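# Below is the structure, and that's it, no one-letter string:
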C-alpha cells in the first residue's frame, strides 16, 4: 500500500518520438486509478514506466515518497498483471504463483499458505497442478492475478487485463476485480482502452490522448463535465452528439440557437459564460444520446429529424437520426413505454422530433475544442 | 459404388502402393550406401588375422586384439585430449553463445545492430585465414605442440560468441512479457535467463551443446596444425590419421578401425541421450492463445 506521485514524467524514445509529455499525477494510498485512452495515447507506456520496464526520460516518479526512477522493477515492490497473462509455460499454476515468493526466499510452508489462499479467493484451487496451456483464457487471467496478489506489493498494476477475454467473461472478471480490490485494499493503477471498464472500476479516471493528460476526475465528473471535445466524445456510449450551433446573447441571457430553435441556458451556465466574458459565437453543442427526449409529434422547441437507422438493443433503441442540416444525432429511447404503433413508426425515413433541456448541454469552442461552460 | 469408380479407386490404391514401394526401395538403398563404410570399419576393427588392408570385408578371425592394442599406443592420450577439448569447449561455448544470444535478443543498446552485422560479415571469412596468426599467438603463449589442448580450447571458445544466430532466433520467439513478468516478480536479468528463458529453450540449448561438442571432437585441420607433430598434443583425428601414412598403414590399419569405432561411441551416446529433448514444444499457453 503506497501513494504514487508522477512529476513532469516524460517518455522520449530513441527515435525522438515523445510518447508521454509532462505527466503529473498524484495517486493516493489505496486509490484505484484508471488510465484510459485510445491506442497510442501513452497509457501503457506510463504504466510501464511506473513498473520500471521503461526508462523515464525526464521527471520523477515516487512510490511511497521515495524516488524510484533508477530502481529495477524487482526493487520497486510492485505487482503487475499483463494483457497477455505472461504465465511461465513450463511451470505449474502453483509454481507460477509461488515464483516471486521463491525468489524472495520465503519459507515453503508460508508460500503454500499464501498460494492456496490466493487460489481459493480466485477459485483456481483445482488447477494448481496444471500447466498454463491446460487452462482457458479466464483461468489464465486468474492465475496472472493470483501471481500478482501473493506479492502483497505496494502497488498493483494492471495492463489491459481483460482485453483478451470474450465479452461475457470480461464482464464477469470486471466484477471480480472490484471484489478483489475490496479484499486487497491496496493502490491500483489500471490501464484500459475501454471506457466502460474505466467508469466502473476507477475511483478516478485519467483520460489520455497523444501522450497528454486530457482530464483527471471521478467517473461522474468526467461524464458530467468533460473539459474538452475529446473527453466528451470518449466517455459515454454511444458517444455524445456534436452539433454546430450558435451561442447568442438574448434578452434574458445566453441562448443556444440550433436549427431554428433557441434554447435558453440555465443560471449556472449563464454565470460561467458571463464570468468568462464569452461573446456571441459559433459553438459545438454536445448532447448525450441518453439526455435527449424523443417526441413523435412536433412541439415548441423541438428539432425535426429523420430516422436513418433503428438499432434494437433490447431494453432500448438506438436511433440514428439526421437533422435538416444533415447533422448526425444518436438518441437512446427506452422501449418499455412505447406503443406498438410508435414502434412501427420508428423506421427508415420517418420524421421524429427531439428536445433536450439546457442543463444537459455541453458547449465547446470550435477553435480550442475546450468546454465553454466548464467552471 | 459404381464399377468404374471402383476400378478407379483400386487403380489409385495400386499406384500409391507402387510409388510407396519405390520410395522405400530408394531410401533403403541410400541407407545401405551410407552405412557400408561404417559397417566395414566396425567389421575390420574385429579382424585379427592381419593388420593391413585386405580385399574382403568379413574377418576370417574375430577378436578384440585391436582394441586392446590401442591402449599400448598414444591413443588413450589422444582420446583424453579430444575429450577434454570437446567437453570444455561445449561447456564454455554454450555459456557464451546463450549469454550472447540472450543479450542480443533482449537488451537494446547502441551499436547492437552494427555489431550483429559486423559479426555476420566476419563469420563469412573462412577460419583458415587466421591459422597462421593463431599459431604465432599460441606459440608465443606456449600453447602449441604438447600443450595444444588448452590452445585449441582457447581457439574454439574465442570465436563462439559469433554463433548466436540460431539461439537468438529461438529466444526472439519467447514473448518478452515473460521476462517482464519475471522482472516485476523480483528476478534479476540473470535469473530471468536461468529460470525462464533456458527452461523454455531446452531444444536450442541441446543443439548448442551438441554442435559445440561436435566441432572440436571431429576437428582435424586446426588440431593437426597446432599440435604440429607432437603426439602428446594430438587429438584422435590427427593421431589416427598418422597411422594411415604409407609407412604405418600396414601395421596399424585394423587398429585405426577400432580407434574410429571408439571415437564414434561418445557422439552416438550423446545424440541418443539428448535427442528426446528436441521433441518437446514448450511455449504453449505462455501468452494468449
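Thanks, I have the structure now. Fair warning: this is a prediction, and the values are worked out from it, not measured in the lab.

# number of nearby residues for whatever residue of the stretch 1-150 of chain B ends up closest to chain A?
Nearest residue of the stretch 1-150 of chain B to chain A: residue B:108, at 8.1 Å (Cβ to the nearest Cβ). The way it works is simple: take the backbone N, C-alpha and C, and place the C-beta from them, glycine included. Neighbourhood size, residue B:108 [other Cβ atoms under 10 Å in any protein chain shown]: 8.

# Quick check: it is in a helix.
No: the assignment for residue B:108, made by DSSP: H, G, I helix; E, B strand; the rest coil, is coil rather than a helix.

# what's the pLDDT at it?
Looking at residue B:108, its pLDDT is 88.

# interface residues of chain A facing chain B?
A:51-53, A:72-74, A:78-80, A:82-90, A:99-100, A:103-104, A:131-135, A:137, A:140, A:147, A:151, A:164 (Cβ under 8 Å from any Cβ of the partner chain).

# Write a PyMOL command that selects only the buried members of those residues.
Buried members of the residues of chain A next to chain B, defined by 16 or more other Cβ atoms under 10 Å in any protein chain shown, are picked up in PyMOL with:
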select buried, chain A and resi 51+52+53+73+74+78+79+80+82+83+84+85+86+87+88+89+90+99+100+103+131+132+133+135+140+147+151+164
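
# Which ones among the residues of chain A next to chain B map onto helices?
A:51, A:99, A:100, A:103, A:137, A:140, A:147 (DSSP state H).

# which pair in those spans the largest distance?
Greatest spacing in those, by Cβ to Cβ: A:103 and A:137 (26.6 Å).

# Need the pLDDT of residue B:280.
On pLDDT, residue B:280 comes in at 49.

# just to revisit the earlier point, go through the residues of chain A next to chain B and flag which are in strands.
Judged by DSSP state E, strands contain the following of the residues of chain A next to chain B: A:78, A:79, A:80.

# Would you format those residues as TSV with distance to residue B:56 included?
Formatted as TSV, those follow (distance: Cβ to Cβ, whole Å):
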residue	distance to residue B:56
A:78	77
A:79	75
A:80	73
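
# coming back round to it: list the residues that contact the residue of the stretch 1-150 of chain B closest to chain A.
Applying Cβ atoms under 8 Å, 6 or more residues apart in numbering or on different chains to residue B:108 gives no contacts.

# returning to what we had before: name the nearest of the ones in helices among the residues of chain A next to chain B relative to residue B:16.
residue A:137 (42.7 Å).

# Look up the closest residue to the closest one, ignoring the ones flanking it.
Distances taken as Cβ to Cβ, 6 or more residues apart in numbering or on different chains place residue A:165 nearest to residue A:137, at 5.5 Å, with adjacent residues excluded.

# That neighbour: what's it in contact with?
By Cβ under 8 Å, 6+ apart, residue A:165 lies in contact with A:137, A:138, A:141, A:173.

# returning to what we had before: quick one: least confident of the ones in helices among the residues of chain A next to chain B?
Lowest pLDDT among those: residue A:137, 87.

# For the residue of chain A at minimum distance from chain B, give its distance to residue A:258.
The minimum distance from chain A to chain B, using Cβ to the nearest Cβ, falls at residue A:133 (2.6 Å). Counting by Cβ to Cβ, to the nearest Å, the gap from residue A:133 to residue A:258 is 58 Å.

# ok, residues contacting the longest helix along chain A?
Determined from DSSP H, the single longest helix within chain A is helix A:167-184. Under the criterion Cβ under 8 Å, 6+ apart, residues A:32, A:121-122, A:137-138, A:141, A:145, A:149, A:156, A:158, A:161-163, A:165, A:188, A:190, A:197, A:200-201 lie in contact with helix A:167-184.

# from these, which would you call buried?
Using 16+ other Cβ under 10 Å as the burial test, these include A:32, A:121-122, A:138, A:141, A:145, A:149, A:156, A:158, A:161-162, A:165, A:188, A:190, A:197, A:201 as buried.

# and residue B:191, what element?
Element membership for residue B:191 (DSSP states H and E) is helix B:189-191.

# hmm, back to that, note down every partner strand of the following helix or strand past the longest helix of chain A and its orientation.
The helix or strand immediately downstream of helix A:167-184 is strand A:187-192, counting by DSSP H and E. Take DSSP bridges as the rule and strand A:187-192 pairs in its sheet with strand A:32-36 (parallel), strand A:155-159 (parallel).

# Next, the angle helix A:167-184 makes with the last one.
Regarding strand A:155-159 and helix A:167-184, their directions subtend 170 degrees when assessed with axes from the mean of the first three to the mean of the last three Cα atoms, to 10 degrees.

# Go ahead and measure how far strand A:155-159 is from the middle of the chain.
Distance, stretch centre to chain centre, for strand A:155-159: 16 Å (Cα atoms, centre = their mean, to the nearest Å).

# Verify the stated contact: residue B:51 with residue B:257.
No: with contact defined as Cβ atoms under 8 Å, residue B:51 does not count as touching residue B:257 (10.1 Å).

# Which one's more surrounded, the two?
Just comparing residue B:51 and residue B:257: by other Cβ under 10 Å the higher neighbour count belongs to residue B:257, 23 against 18.

# So which elements touch the one helix or strand the more buried one maps to?
Taking DSSP H and E as the criterion, residue B:257 maps to helix B:249-274. When contacts are defined as 3 or more Cβ pairs under 8 Å, 6 or more residues apart in numbering or on different chains; DSSP states H and E, helix B:249-274 packs onto helix B:3-45, helix B:65-70, helix B:75-106, helix B:202-218, helix B:236-242.

# Good, we can wrap up now.
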